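1. Sharing a model that was predicted from the sequence below.
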Amino acid sequence: MNKFHGTIPTKLFAKKNMLRNLNLNGNEFEGSLPRSLQNCKNLEVLDIGNNRINGTFPHWLESLPMLQVLILRSNKFYGSIANPMARFPFRKLRILDLAHNEFSGKLPAEYFKSLMAMMEAITTKFEYMGKDYYQDSVSIKMKGTFMELVKILSIFTAIDLSKNNFEGEIPKVLGNLRSLKGLNFSHNKLTGSIPPSLGNLSSLEWLDFSSNQLVGRIPQQLTDITFLEVLNLSNNRLDGPIPTGKQFDTFGYSSYSGNMGLCGLPLTKSCSNNIDEAQKEGDEDEQTNAFDLWKIVVIGYGCGVVIGISIGYMALSDRRIALFFMKKLGGERWIRRIRRWKG
């Protein structure tokens, strides 16, 4: 690792160059990323992580037809990631690492729709990038730990957008990236629920959505991810019972801590207690409502008796008052009908 500093020359990359790997990771470069990189049509790996590069997302890189690894981690990029300009952006991209910047706005769902290399069916054929020349190597955060990949398997795919200011919901379209190995959206401002479509990520080995503002229940469909080794949903606003079965039976307390509404193992909060308490409250409400209804009936019945007694008393004590009530209530009409019926 070197400590080069200053800016990257704007006209460094000439047209029709044969550059296929550019690794400037771990230096002190600043300024913006030179647009002359668009001339690198054979570029497969671009790693400028851990520098001081600034500017908005370099969307013009999407037109590079061979780009498979894009690492912009730990720089000073900012702003929202707009919709792609190219018709087929980043079609061969396998590793996308934008972590630890100042990106904001919604997650780039339109780009996710174009990541064809992450949608490909899993193959058992193991090949390394750069097999015909020297092998490529990058440093990637995998399962919560930084690892140096001395060789990059062509089937390795990962997305890391952690430690930014992304907001809004997690796009359902991520469920189409079936060959994805790792997904990290932790330490953002994401809201909404976890899409059940993520259960389609059958090759996923680590999933980190911690330290966001996600709500709702953990989808039962996530238990279908049988290769999942690391799960971190801590410090959100999730609720309801934690799914059980398969890999979910192996995750510990730290996977769910900081979600006050969650219950069930491995947490100490029991879901059955919550159900019993809710049932008890419901029964108490039902009893209260029934009691209130009976009070109304009794009061109405009592009022009727009192009124009846009062009218009877008045009828016996004052014939004129009785005749008054008979006229108002149509009593005379009913007396005439009764007499006809008897006659």
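-> Noted; the coordinates are in hand. Here the structure is a predicted model, which is why all the values come from computation and not from measurement.

2. switch to C-alpha atoms for all contacts and neighbour counts from now on
-> Fine.

3. domain assignment for this protein?
-> Recorded structural domains for the chain (assignment: automatic domain parsing) are 5-269, 277-342.

4. Quickly, which of those domains bottoms out on average pLDDT?
-> For the domains of the chain, mean pLDDT drops lowest on domain 277-342, to a mean of 44.

5. Which parts of this structure are helices?
-> Ranges of helices in the chain, per DSSP state H, are 109-112, 271-317, 319-328, 331-342.

6. what's the most buried one of the domains of the chain?
-> domain 5-269 (a mean of 18; mean count of other CA atoms under 10 Å).

7. Quote the end-to-end distance of it.
-> 53 Å (CA to CA, to the nearest Å).

8. Equivalent analysis for stretch 36-51, please.
-> 19 Å.

9. So which residues make contact with it?
-> For stretch 36-51, contacts defined as CA atoms under 8 Å, 6 or more residues apart in numbering pick out 10-30, 60-61, 63-75, 136, 138.

10. what does stretch 238-247 give?
-> 214-220, 223-229, 259-265, 271.

11. Let's see the distance spanning it from one end to the other.
-> Start-to-end span of stretch 238-247 (CA to CA) is 19 Å.

12. which stretches of the stretch 51-200 of the chain form strands?
-> 52-55, 69-71, 76-80, 95-97, 102-106, 138-142, 145-149, 158-160, 165-168, 182-184, 189-190 (DSSP state E, counting those that start in this stretch).

13. Export these to CSV and append columns for distance to Gly252.
-> Shown next, in CSV, are these (distance: least, CA to CA, whole Å):
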stretch, distance to Gly252
strand 52-55, 37
strand 69-71, 31
strand 76-80, 35
strand 95-97, 27
strand 102-106, 31
strand 138-142, 18
strand 145-149, 18
strand 158-160, 23
strand 165-168, 27
strand 182-184, 19
strand 189-190, 23
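
14. between these, which gets nearest to Gly175?
-> strand 182-184 (11.3 Å; CA to CA).

15. neighbouring contacts of that closest one?
-> If you take CA under 8 Å, 6+ apart as the criterion, strand 182-184 is touched by 142-143, 157-162, 204-209.

16. quick one: Pro34 and Arg20, what's the gap?
-> Computed with CA to CA, the distance linking Pro34 and Arg20 is 16 Å.

17. try Leu70
-> Counting by CA to CA, the gap from Leu70 to Arg20 is 12 Å.

18. Quick check: closest non-adjacent residue to Leu228.
-> With CA to CA, 6 or more residues apart in numbering as the criterion, Leu228 has its nearest non-adjacent residue at 4.1 Å, and that residue is Glu205.

19. now do Leu204
-> Lys181 (4.2 Å).

20. The one you found and Leu24: what is the separation?
-> Counting by CA to CA - Lys181 and Leu24 are separated by 25 Å.

21. re earlier: which one of the contacts of strand 182-184 sits closest to Asn83?
-> Looking across the contacts of strand 182-184 and measuring by CA to CA, the closest to Asn83 is Leu161, at 16.5 Å.

22. how about the closest one, phi and psi?
-> Torsion angles at Leu161 (phi, psi; degrees, to the nearest 10) stand at phi -120, psi 20.

23. Relative to Asp97, how far out is it?
-> From Leu161 to Asp97 the distance is 6 Å (CA to CA).
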